[in-house]
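Engineer: predicted model and sequence follow; I will ask about them next.
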Amino acid sequence: MKNAVRFAIKCILAMLPLFAVTGYTCLNPMGYMDGEYPSWHYTKMVQTGREMPAEAENAALILGDSRAMADLVPSMIGENYVNLGVGGATSIEMYHTLKDYIEVNGAPKRAVIMFAPFHYSYMDNYEKRTMYFHHLTFREAMELYSQGSSYNARVFEEFDRFDILSMYLRLPDSYLPALINSRGNGRYDSNMKLYEEQRIKRGHALYGTKDGCDDINYEASYKEMDRGGEHLLITYYFDRLLKLCSENGIDTIVLQPPMNEASYSRLDEGYVKEYLSYIEKFANDNPDILFESVIPCYDNAYFGDSSHLNGKGAAVYTEEFIEKYIKQGQ
């Protein structure tokens, strides 16, 4: 009996480092996560009701990826606007963001949806952001895995349910590299500063800060839309996102983010035609939702990198949005 007790104690002692690391990763993500985490955390705080726009009862949500996050400035539009776009997001993350928001806060008055064209085909940040930052609940993550596997989505070929379990248990094999690189708490001050900036600006943040950019974006190299499993999964969730808006009576606008002239001039005609046809099918299936299908082209001077507007570009684009959808009462 004594030997059994000693063995049990030794096992518990041997597990203490694991418990300590796991406990720390749960309690202090700001200390070790990379600089993308504060924006995802801000979005999570809003969608769960812990951060709210000043006019919450008349809230308008901007939903999308980094182009939405950088291109539309809530403080220019109105006190009720909040930007929940995050880098690398697709319709998958934004569907769950809006669903959670509605469950906690009720339906917003308006939703402005914007994704880069390539985010209708690729889940390029699913593992390192969506899963790593726990944007979904564990149950939602497993449901996504099952749905994605049924479509043979490439992202799930190397990242399976055991990897998901490891991340949601915050085991060292997933988080130890970040802990080492951050020296445990080395990113806390910078992440808290970024979060406070997100809170003050209601989710808006620039990605590129150059005073003009003529680099080429992702879409300029495409000859056709990738219609593989990731596209099918994203399309499935985009349809769910639009239906969620319609079922809750949300005034919804789907926008196309601007491209710099350098990239726009190199777009393949066949790819553009296929992409516009894809968007227009959703427009035909959702007559209560306003869709913009034409991709705007802006001067290179308005871009901070190949894909995102800089400060002056975001101001110009936001002013155009205000003129069209606020002043004209649309």
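Structural biologist: Cool, got the structure.
Engineer: quick check: residue 24 vs residue 186, distance?
Structural biologist: Residue 24 is 13 Å from residue 186, where distance means CB to CB, to the nearest Å. All C-beta spots, glycine's among them, are computed from the backbone N, C-alpha and C.
Engineer: which one of the two is surrounded by more residues?
Structural biologist: A direct count of neighbours by other CB atoms under 10 Å for residue 24 and residue 186 places residue 24 higher, at 17 against 13.
Engineer: quick one: name whatever helix or strand follows the helix or strand hosting the more buried one.
Structural biologist: Element membership for residue 24 (DSSP states H and E) is helix 2-27. For helix 2-27, the following helix or strand on the C-terminal side (DSSP H and E) is helix 29-32.
Engineer: how far does the helix or strand that that next one is followed by sit from the chain's center?
Structural biologist: As assigned by DSSP H and E, the chain's next helix or strand after helix 29-32 is helix 37-47. Relative to its chain's centre, helix 37-47 lies at 10 Å (CA atoms, centre = their mean, to the nearest Å).
Engineer: and helix 37-47, what's buried?
Structural biologist: 37, 38, 39, 40, 41, 42, 43, 44, 46, 47 (16 or more other CB atoms under 10 Å).
Engineer: can you give me the mean pLDDT across it?
Structural biologist: Average pLDDT, helix 37-47: 97.
Engineer: what's the answer for stretch 253-260, then?
Structural biologist: Averaging pLDDT along stretch 253-260 yields 98.
Engineer: find the centremost residue of the chain, please.
Structural biologist: The chain has residue 89 as the residue nearest its centroid, 2.8 Å off, counting by CA atoms, centre = their mean.
Engineer: mind listing what that residue touches?
Structural biologist: Contacts for residue 89 (CB atoms under 8 Å, 6 or more residues apart in numbering) come out as 64, 65, 66, 115, 119, 125, 129, 130.
Engineer: repeat that for residue 215.
Structural biologist: 260, 262, 263, 305, 306.
Engineer: looking at it now. What's its pLDDT?
Structural biologist: pLDDT, residue 215: 97.
Engineer: tell me how far it lies from residue 95.
Structural biologist: Separation of residue 215 from residue 95 (CB to CB) stands at 31 Å.
Engineer: again with residue 128
Structural biologist: Noted for residue 128: a distance of 20 Å to residue 95, by CB to CB.
Engineer: more crowded one of those two?
Structural biologist: Each of residue 128 and residue 95 has its neighbours counted (other CB under 10 Å); residue 95 has more, 23 against 13.
Engineer: before we move on, what SS does the more buried one have?
Structural biologist: Following DSSP: H, G, I helix; E, B strand; the rest coil, residue 95 is assigned to helix.
Engineer: quick one, what contacts it?
Structural biologist: Going by CB under 8 Å, 6+ apart, residue 95 touches 237, 238, 240, 241, 244.
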